[in-house]
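Prediction below, plus the sequence it came from.
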Amino acid sequence: MKNILYTGLTLLLAAGLGIAQTPAWEEDYSFKALADMAGGDQIQMNITNTGSDILDCIKKAKAQALFTIIFKGYSATGSASASTSLSDMKKYNQNLDFFKNYLSSNTAGLAFVSEAKTDTGTPSGKISKKVIRSTTTVKILKTKLREDLQEQGYVESAASIAESLGIIPKIMIIPSNTWMKRAGFHKQVASNLGMVDQYDYQNALSDPSMGIFQTIEGYLKQPLQKNGFEIANLSAQLTQITQENARNSMRETQIEESDLDLLAKQCGANIWLHVSVLTEKVDGGMSKQYQITLNGVDPMTMTDVINGEPKIVKSSGDNDMVMIRTTVNAAIDNFIPEVTAYFKKRDEIGLPIKVTFLKGDGLSFDFGANVTVKGRPYPMAKLMDGVMNKVAEKSSPSGGATKTRRDYDAVIPTKVEDFISGKIVANNAESFAYDVTTALAEFGITAGVEVEPVGLGKVFVIFKEDW
């Protein structure tokens, strides 16, 4: 009786002093993703924790599973795709009262727990007289959880971040380079740029061996559009490339674009979603095994910026599409927050571009000469270095400079204020080049120029007249 009274008084005193118990998600616990479920919109995971009894462990595990998805993320396992966190701890600390309620309320975060039960196959037992350890299998409606937090403004969406950057987030779904090479729709060709990769998307999209691409593309479009992305249709872009190639033939001979650069410029997507599907027969040809990978490529640099985990789908033949859809949906559900994180990172570090200045035919000056700047002679090359540094966040000559050509690597802001509308708009290599020519004019370099963008991340500035 004395112990009961003491415990009761202790709890009353704690309540009176405003001493709060440690939230379940701030206690020690471990987690492991088990499987993507329900068409990929749900994740099943194990939470191992401690509590006063089984029911207490289950109650804590629900909140801990939610906290894991929102603020920790999890690694891939055999049947679950890896997932980055939906938000970060800074957002948690800034909105502590909201998340304390959200993670413990049956009408808020806990409403997205579809099931929680003890995993009897995992060893458990007593830690002390009043504490046990147990493992709980929890199922979370992950897609709905993310959408709810986005609607309330506690998790940023790719659409909201893109809007702050002055862009409409656009994704183009495209067969990966690996898949195209393996299927025989790739070759290297000689050009003024050296040996460049050429991918025959036109024939690939109509080839029976690539038919699964259209199926997966269909699975991907709906969740992407639901999350505010515009889809750049690959098939529609290909017909435009032929026309652009014709225009290219009339350009300066020094300028040439690869097919990939043409495609990047034509579709104007912010991210290319590379789909890779490698298929092989297993079990003596009785079953098929698919290796599915989704990667995010930045079309400005043509480099992978989001590396998806390859997922293996093994099928006996009658449930291929159901299994593939579940895997693809789970992968895209994890891909979306990664795109969001990439947009934020790119906004912080800026856009990497390449700028090339060319001297047009028949001009009397060159980049090795002196020019008159504010009444005194000044090296043209040094003036250009200074102007590039003035307009860019970072800039440096990239080597190989001649009297008729100068190349630069630069980093530019992702967004700028449009001087006519006053609105924040997305920056790009072409806009930057015009800003450079404006800055050159301030120092008396008022020659007529032609700005030629190449792809999304390169631009040529061609001096066409003397000044």
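That came in fine, so what should we check first?

Could you pull out the helices in the protein for me?
All helices of the chain, identified by DSSP state H, fall at 2-16, 54-67, 89-94, 96-102, 142-152, 158-164, 177-182, 201-205, 211-226, 234-248, 259-267, 320-349, 380-391, 429-441.

what sits against Ala433?
Residues in contact with Ala433 (C-beta atoms under 8 Å, 6 or more residues apart in numbering) are 355, 451, 453, 459, 461. For glycine as for every other residue, the C-beta is placed from the backbone atoms N, C-alpha and C.

Run a quick neighbour tally on the second one.
Other residues within reach of Val451 by the criterion other C-beta atoms under 10 Å amount to 16.

Tell me which residues touch it, please.
430, 433-434, 437, 459-462.

what do you get for the third one?
The neighbours of Pro453, taking C-beta under 8 Å, 6+ apart as the test, are 265, 428-430, 433, 459-460.

How about the first one?
Shown in contact with Val355 (C-beta under 8 Å, 6+ apart): 388, 407-408, 410, 429, 432-433, 436, 458-459, 461.

picking that back up, go ahead and build a PyMOL selection from the buried members of the contacts of Pro453.
Applying 16 or more other C-beta atoms under 10 Å to the contacts of Pro453 leaves a buried subset, and the PyMOL line that selects it is:
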select buried, resi 265+428+429+430+433+459+460
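
Adding pLDDT and distance to Tyr29, write the contacts of Pro453 out as JSON lines.
What follows is the contacts of Pro453, written out as JSON lines (pLDDT from 0 to 100; distance: C-beta to C-beta, whole Å):
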{"residue": "Lys265", "pLDDT": "89", "distance to Tyr29": "49"}
{"residue": "Asn428", "pLDDT": "91", "distance to Tyr29": "46"}
{"residue": "Ala429", "pLDDT": "94", "distance to Tyr29": "48"}
{"residue": "Glu430", "pLDDT": "93", "distance to Tyr29": "51"}
{"residue": "Ala433", "pLDDT": "95", "distance to Tyr29": "54"}
{"residue": "Val459", "pLDDT": "94", "distance to Tyr29": "52"}
{"residue": "Phe460", "pLDDT": "93", "distance to Tyr29": "57"}
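
Among the contacts of Pro453, which one lies nearest to Val339?
Nearest to Val339 out of the contacts of Pro453 is Asn428 (C-beta to C-beta; 18.7 Å).

Show the backbone phi and psi for the closest one.
Per-residue torsions, Asn428: phi -160, psi 170 (degrees, to the nearest 10).

ok, it - contacts?
Contact partners of Asn428, counting by C-beta under 8 Å, 6+ apart, are 351, 453, 456.

export those residues to TSV and tack on pLDDT and distance to Thr215?
Converted to TSV, the contacts of Asn428 look like this (pLDDT from 0 to 100; distance: C-beta to C-beta, whole Å):
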residue	pLDDT	distance to Thr215
Leu351	93	34
Pro453	91	35
Leu456	91	29
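
Isn't Trp25 up against Ala61?
No: with contact defined as C-beta atoms under 8 Å, Trp25 does not reach Ala61; the gap is 10.1 Å.

out of these two, which sits in the busier spot?
With neighbours defined as other C-beta under 10 Å, Trp25 and Ala61 compare such that Ala61 has more, 29 against 23.

so how far is Ala158 from Ala33?
Ala33 sits 23 Å away from Ala158 when distances are taken as C-beta to C-beta, to the nearest Å.

remind me which residues of this structure are low pLDDT?
For the chain, the stretches flagged by pLDDT under 70 are 1-20, 38-39, 192-193, 242-255, 317.

can you do 50?
1-18, 253 (pLDDT under 50).

Touching, Tyr290 and Arg325? I think so.
No: taking C-beta under 8 Å as the definition, Tyr290 is not a contact partner of Arg325, at 11.7 Å.
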